Each structure stands twice: as structure tokens, then as C-alpha cells.
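Peer 1: kindly generate the corresponding structure for this input.
(chains A and B)
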Amino acid sequence: MSAKIAKFRELGLLVFIVLMSVGVQLRNPSFLTWENINDMITNTAILSILAVGMMLVIVTRGIDLSIGATLALSGMTAALAVSHSPGLSPLAAIGIGTGIGLVCGMALGVLVAWVNILPIIATLGMMNVFRGLTFESSGGKWVSAHQMPDSFKNIATGSLLGINNLIAIAILVYAVAYYFVSHTRTGRRIYAVGSNPESAAVSGIHSARILWLVYTIMGGLSGLAGVLWVSKFASAQGDTASGYELSVIAACVLGGVSIAGGVGKISGIVLGSVLLGILNNALPMIDVSAFWQMFIQGAIILIAVLINALVKRGIDRNNLMRRKI
Amino acid sequence: MKKKHGVIGLIAVMMLTLLAACGKSGNSEGGASPSQAAVSESPSASASASSSESPSGNGGGAKKKFAIIFKNTGNPYGEKMMEGFKKAIEEVGGEAILKAPDQPTAEAQIQMIEELISQKVDSIAIAANDPDALQPALEKAMNAGIKVLSLDSAVNAASRLVHVNQADPERIGRTLIQGVSEMIGGEGEIAILSATSQATNQNTWIEWMKKELEDPKYSKIKLVKVAYGDDLRDKSVSETEALLKSYPNLKGIIAPTTVGIAAAGKVLTDKGLKGKVQLTGLGLPSEMAEYIESGVCQWMYLWNPIDVGYLSGYVADGLVKGTLTGKVGEKITAGTLGEKVVVQDGDGTQIMLGDPFKFDASNITEWKSVY
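Peer 2: Now for the predicted structure:
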């Protein structure tokens, strides 16, 4: 029964997306054109990459508020690296950014997994640490388009087999993530730790190691996203992606990832990211005032969370009834 | 076992605090952190206390102290402004105190004003994070005999003696329309990509743009939409893309905001629309160098933040000396900038820097390394 409801929830989201697309299309015929869909997916790629990591973190009953700052730090470091040595290969730039992100994630993982600081506190603290380091490393200055070599800017504009690099990287991340969470032992253990930490511990799972792992993955993905972000917008600032973590958390919640832990599917966060992507792309196109844009965006997110809560209540009630019999 | 964990935890927390402290201080490069309020005094001023005498009768031993508070640290634009302020203060033989909080909030600025009052400075120049919230603190400062002026972002008329306006909003609005009209040959659809829908500066400029458009010579130019990118990269890009798709005949975009114009430049570059859609507005030369050099944006405007700070330095000096009281019609000679006049601004008065400065292919190479 609960499986059915969970499945229905995703179907509901899909129907919602289709209805919204039709509505926007009626208002602005250029919405469902090839160019716009391409722009939309490209703009959503970074968000969706981050959503993968965030889903794993939330599944373990945690949250990571530091990813915007990690993204800024690794993006800034990569930008500084290529501006100092323009000959640097773009792959090396991606490596540097991802490496910085991994280190950030590992440090955070240690605090959460072994020092037992609450994730919200630890990540809030590290958010400021990383943001401060970003300002420190850049001296408060921006790295602008003219300081970056073309090879670096081409990371985001180039394409692989006809698909924009950002989209290609997102697809790759999703393929690996799908295999990881559904077909590896470690992947399944993440869910075990999230849905019932006590039984997970009893069954011999090293919860701390799993926790450390998810924050490290999150950090690595944030680092990767940082390089892609800076390459895409051709500018690195100290306040890059400030507050972006909230969009990523919203994408996860929209996709049915439960803040209470243990629940979350790859297909769900794809839909969640797509919904947010459509919102960001479509709202400017339907020609409503800026105030209504905010209102609509907030309302849609709230409705999705409300549905999530209602469904969860239904599942709980079913479980209770089953226990009675 | 338990104990060991506790000790490890303690150590980790201490290290975290240390790290956090590092991050915080890093944040305030060239500025100050709110609690500690690191003061970066002008080294030459304190070193050569006796040698540099002030031109007018404020000698008498102690140097006059002129403070400036910017919106937040880590902002190259603000740093240039403070640099100009310091230069002017050194020229008049005073001591400059440069301050800026970590976060762009009014609360942090109020705290700094209180500190400056107890330090008994002679003048406070402030780029406000809120026009009204600073009033009690600034009134207290003025009651203590401190001359208060605002620059860049004004405080309300009751909280200041005079405001130094970076550029005349009317001149900015009109210049931008004249610029885009020249670029598109006086005919076609244009759109504006602004910051947030409530940004006071941008909205005033947009009002003047609309007034300039009423002139019959722009009868063939149509303003189709004012879009808001909220000064966020991703949103500005989405808004620009939406403009291009919703208005296929769009000929020009005016973006009177730093993040917006750079994001629009990037979109036009990526979509290969150079020459088809023109771009102008207000932007940072370093951010726009790429697009001005490539021709995507033929030219754009901005005031010179060094000059804003420099003019404010001279105005602060005039207020302290008493040659200036902030009344309409008064004149001040501001070093290399020449003579400026105090004019009416709503309930209060202000001094304007002048026309915005034009950046194009001929001068961008020189400016892109400045700010």
C-alpha cells in the first residue's frame, strides 16, 4: 500500500509538471521550443547535480546548508587557478574544484559523524567558514570573464556527442548515483542508517562511516558544481550561489525526499529539479509582475510539501492499522 | 571511552572556532569585522603627523578624524570608494578611518556609528544599508557635534547634513536611453534588465529612462518589458533568455546593474547574438571587459567610485571646517574634481558628481584592472 502511494506521489508530480507546461505554453508559445527546452535543461543541470548529494544527506536524517559556500570556494579556487596559469587544462580545473569540495565535505563529515555535532549546526558553522575562506582566497575581488581562458569557459558551453557538457555531466552523475544507491551494499546502507539508525547499528553497519561518506560525496559534488557554475557564468564572486542550498533542498523536498530520513528516490529528485527548473524558466516568460513570481514559486513549493506531509500521514495511519490486526 | 570521545569533541569544537575566526577575518580584507571593528588607519597620516599641516585653521596639534563606513567588506567597489576618500583626507591633512561591516546590515552599521561617537571623530561619511534605520544613531552623532554626510546610498534627510550622489539619476536615465538609441539606430524594441523590483536606485533611473523616451525623437523605440534579475547570476541569465524568446524582434537591452549586464553579455555571447541585440547599461569594467572587447556590448557607463569617495572626503572636510553647512547653493572646491554645488534633493540637499563615465573599447584596457 505504502509503495503504491509513494509511486502515486511521483505520478502526481509528473501530472503537475505537464499541466503547468501546458498552461505556460498557452500563455507564451515560445516555451516549448527546442531552444528553450535546451536552455532550461542546461540551467537546471547544476541544481540537479547538487540534488543528488543533498538527497543522500537528507536520507540519513541530515541536512547540508554549506553547499552554496563550498560551491563558491571551489569555484573561486578553480577560477583563480586558471587565471594565474591560463594554460591549465580544463580537466585539471575540474579536478581542483572537486578536490577542494571533497576536502570541505570530509571535514564536515568528521564533525557530523564522529564529533556528533547536529548536521544543521555543523553545516551552518562550516558555511561561514567556507564563505570566509572564499573571500580570503580572492582578497574580496571578483574573477571576471576576461581573466579566464577560453578553454575554461568552454567547459560549460562545449558539447559532448551533441549534448551540452553540463547536461552530459549531470546525466553521468545520475547514472552513477542510480547504480550506487540501488545496486551497491554501501548505497543500501545509507537508507538503512536513515530509516532506523538503531537497527542499522545492531545489524553491524558502521553508521559513522556512512554519515562521513554522504557528506564527502555532497562536498565533492558541490566542488564539481562550483567549477561548472563559474565556467557557465564566466564570473567568480565571493557571494556566488549565496542561498542556493535552499533551492537544492527545495528540489529534494519537491521530489519526495523526506526530511525525516530514509525516503528518497533518484527519479523523484529528477522530477523535483525539473519542476524547479521549469519554474525558474517559465515564470519570467508568463509576464507576471515580480511580486507574483515570488508568490507563485513559494505557493507551488508549499503545495508540494503539503502533499508530502499528507501522504506521509496516510502511510503512518496504514502502519498503525496493520499493527492493530 | 566516553571521556576520550568528549575530549576529541572539545578539541574539534575549538578547532572549528579557530577556523571560523580565520574565515571571519578573511572576510574583512581591507575593512573591518563588526564586533572587533578593525580600524585601518592611513599609515602615512599617522606616521607624518607633524609634517602634513592642514591648510586651514584646524591645526592646533591633534589631527581631525574623518570616518567612512561602507555597506560591507569584500566589495571591490567599496574599497575603491574608501581609497578615494582616504586620498582626499590625506590631501587636506586629516586622518581617515575606514570601516565596513561583514554583513550589509543596518544593525552592524549602527554599532560602528556608536563606536565612532565614543572615539570622538569629527565627521562620519556613510554608505547606508537602510535609509531610515540609521536615523537615531546618526542624530546622536550630530548632537555630539559630529558632521554627518551620506554617500552612494543616501540616508533620509533628517539623518545627514548633505548627501554625495555618485551620479545624477536624471543624467543616468537619459544617458542610457541616448546610448541605446544610438546603438540600435533610433528604431526598434528595447527591454530593461534591472536588479530587484524594489531597488531604489534602479527604479529612479528607470523612471528617468521612461521620461527620456517620451521625447518625440524616440517615437520609433518601444520599451517592451522591465525584467528583474535580482542581481543573481542564474536568475539574470533566465530573465535575459526569456526576454530574447518572448520578444524575437528585440534590438537592445539596458541593464543598469553590475550582475545583470554581465549575465546578459554572457547570454548574448553564447547565443551568438553579437550585433543583432545591443547591450548597454551600468557595469563594472573588469566584469564587462570581455564583452566590450568582443563587441557584444559596444559601450557602457558607470561613475568612478574613487571620485565618489574623493568628493566625499572634501565635503566632509568642508563640513568640519564650517565652509559648508549643507544649504542649497553653497559651493565647494573638491581638489582635482573642481567646483561642485549643493542642490535640493527632496527634503534634503545633495552634491552630485556629474555625468556617468563612458567605458568603451578605447579605454576598457586601462580600466579593467582598476575595478
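Peer 1: pLDDT below threshold where in chain A?
Peer 2: Residues of chain A that meet the criterion pLDDT under 70 lie in A:1-9, A:304, A:308, A:311-312, A:315, A:322-325.
Peer 1: go on, chain B?
Peer 2: Scanning chain B for pLDDT under 70 picks out B:1-61.
Peer 1: pop the domain breakdown of it in here.
Peer 2: For chain B, automatic domain parsing gives the domain ranges B:28-167+B:305-353, B:169-302.
Peer 1: save those as TSV, and put in distance to residue A:28 and mean neighbour count too.
Peer 2: The C-beta positions use only the backbone N, C-alpha and C, and glycine is treated the same way. TSV is the format used below for the domains of chain B (distance: least, C-beta to C-beta, whole Å; neighbours: other C-beta atoms under 10 Å in any protein chain shown):
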stretch	distance to residue A:28	mean neighbour count
domain B:28-167+B:305-353	36	20
domain B:169-302	6	21
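Peer 1: include distance to residue A:235 when you put the ones you listed into a markdown table, please.
Peer 2: As requested, the domains of chain B are arranged in a markdown table below (distance: least, C-beta to C-beta, whole Å):
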| stretch | distance to residue A:235 |
| --- | --- |
| domain B:28-167+B:305-353 | 13 |
| domain B:169-302 | 6 |
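Peer 1: of those domains, which approaches residue A:249 most closely?
Peer 2: Nearest to residue A:249, of all the domains of chain B, is domain B:169-302, at 16.0 Å by C-beta to C-beta.
Peer 1: any residue of that closest one touching chain A?
Peer 2: Yes. Part of domain B:169-302 sits close enough to chain A to count as contact by C-beta under 8 Å from any C-beta of the partner chain, namely B:196-197, B:225, B:227-228, B:233-235, B:237-239, B:241-243, B:245-246, B:248, B:262-263, B:265-266, B:270, B:284, B:286-287, B:289-291, B:293.
Peer 1: how far does stretch B:176-184 sit from its chain's centre?
Peer 2: 24 Å (C-alpha atoms, centre = their mean, to the nearest Å).
Peer 1: can you pull out the helices in chain B?
Peer 2: Assigned helices in chain B, in chain order: B:2-27, B:43-47, B:76-91, B:106-118, B:135-143, B:169-184, B:200-213, B:233-246, B:258-270, B:285-294, B:305-321, B:364-367 (criterion: DSSP state H).
Peer 1: now do the strands in the stretch 51-200 of chain A.
Peer 2: Remark: strands assigned in the stretch 51-200 of chain A by DSSP state E, counting those that start in this stretch are A:159-160, A:163-164.
Peer 1: pull the contacting residues for residue A:182.
Peer 2: Residue A:182 is in contact with A:188, A:266, counting by C-beta atoms under 8 Å, 6 or more residues apart in numbering or on different chains.
Peer 1: also residue A:60?
Peer 2: A:190, A:193, A:194, A:210, A:211, A:214, A:261.
Peer 1: could you give the number of residues near the nearest residue to it once chain neighbours are set aside?
Peer 2: Residue nearest to residue A:60 in three dimensions, not counting chain neighbours: residue A:194, with 4.5 Å by C-beta to C-beta, 6 or more residues apart in numbering or on different chains. Neighbour count of residue A:194, defined by other C-beta atoms under 10 Å in any protein chain shown: 26.
Peer 1: ok, residue A:194 to residue B:295 distance?
Peer 2: 54 Å (C-beta to C-beta, to the nearest Å).
Peer 1: likewise for residue A:255?
Peer 2: From residue A:255 across to residue B:295, the span is 43 Å (C-beta to C-beta).
Peer 1: and for residue A:62?
Peer 2: 49 Å.
Peer 1: and what of residue B:326?
Peer 2: Separation of residue B:326 from residue B:295 (C-beta to C-beta): 45 Å.
Peer 1: one more: residue B:213?
Peer 2: If you measure residue B:213 against residue B:295 using C-beta to C-beta, the figure is 26 Å.
Peer 1: contacting residues around residue B:69?
Peer 2: Residue B:69 sits next to B:99, B:100, B:101, B:109, B:112, B:113, B:116, B:124, B:125, B:126, B:127 when contact means C-beta under 8 Å, 6+ apart.
Peer 1: just name the closest of those to chain A, please.
Peer 2: Each of these was scored against chain A by C-beta to the nearest C-beta, and residue B:100 proved nearest at 10.1 Å.
Peer 1: contact residues of the stretch 51-200 of chain B facing chain A?
Peer 2: Checking the stretch 51-200 of chain B against chain A by C-beta under 8 Å from any C-beta, the hits are B:73, B:74, B:75, B:76, B:79, B:196, B:197.
Peer 1: biggest separation within those, which pair?
Peer 2: The widest separation within these (C-beta to C-beta) is 28.5 Å, between B:79 and B:197.
Peer 1: by contact count, what packs against the helix ranked longest in chain A?
Peer 2: Using DSSP H, we find that the single longest helix of chain A is helix A:290-324. Judged by 3 or more C-beta pairs under 8 Å, 6 or more residues apart in numbering or on different chains; DSSP states H and E, the packing partners of helix A:290-324 are helix A:2-27, helix A:244-254, helix A:266-282.
Peer 1: kindly calculate the angle that the shortest one makes with helix A:290-324.
Peer 2: Taking axes from the mean of the first three to the mean of the last three C-alpha atoms, to 10 degrees, helix A:244-254 and helix A:290-324 form an angle of 50 degrees between their directions.
Peer 1: and helix A:244-254, how far from the chain's centre?
Peer 2: Worked out by C-alpha atoms, centre = their mean, helix A:244-254 lies 7 Å from the chain centre.
Peer 1: buried ones in it?
Peer 2: A:244, A:245, A:247, A:248, A:249, A:250, A:251, A:252, A:253, A:254 (16 or more other C-beta atoms under 10 Å in any protein chain shown).
Peer 1: just the closest of those to residue A:49, please.
Peer 2: residue A:248 (9.4 Å).
Peer 1: ok, and the closest non-adjacent residue to that closest one?
Peer 2: residue A:50 (4.5 Å).
Peer 1: starting at the chain centroid, how far to the strand or helix carrying that neighbour?
Peer 2: Following DSSP states H and E, one finds residue A:50 within helix A:34-59. With C-alpha atoms, centre = their mean as the basis, helix A:34-59 stands 7 Å off its chain's centre.
Peer 1: and the angle for it with helix A:266-282?
Peer 2: If you take the same axes, to 10 degrees, helix A:34-59 sits at 130 degrees to helix A:266-282.
Peer 1: so who does the residue nearest to the spatial centre of chain B touch?
Peer 2: Centroid check for chain B by C-alpha atoms, centre = their mean gives residue B:152 as the closest residue, at 5.0 Å. Contacts for residue B:152 were tallied using C-beta under 8 Å, 6+ apart; they are B:71, B:81, B:127, B:164, B:166, B:308.
Peer 1: now render the residues you listed as JSON lines, adding distance to residue A:150.
Peer 2: Below are the contacts of residue B:152 laid out as JSON lines (distance: C-beta to C-beta, whole Å):
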{"residue": "B:71", "distance to residue A:150": "34"}
{"residue": "B:81", "distance to residue A:150": "33"}
{"residue": "B:127", "distance to residue A:150": "37"}
{"residue": "B:164", "distance to residue A:150": "41"}
{"residue": "B:166", "distance to residue A:150": "34"}
{"residue": "B:308", "distance to residue A:150": "35"}
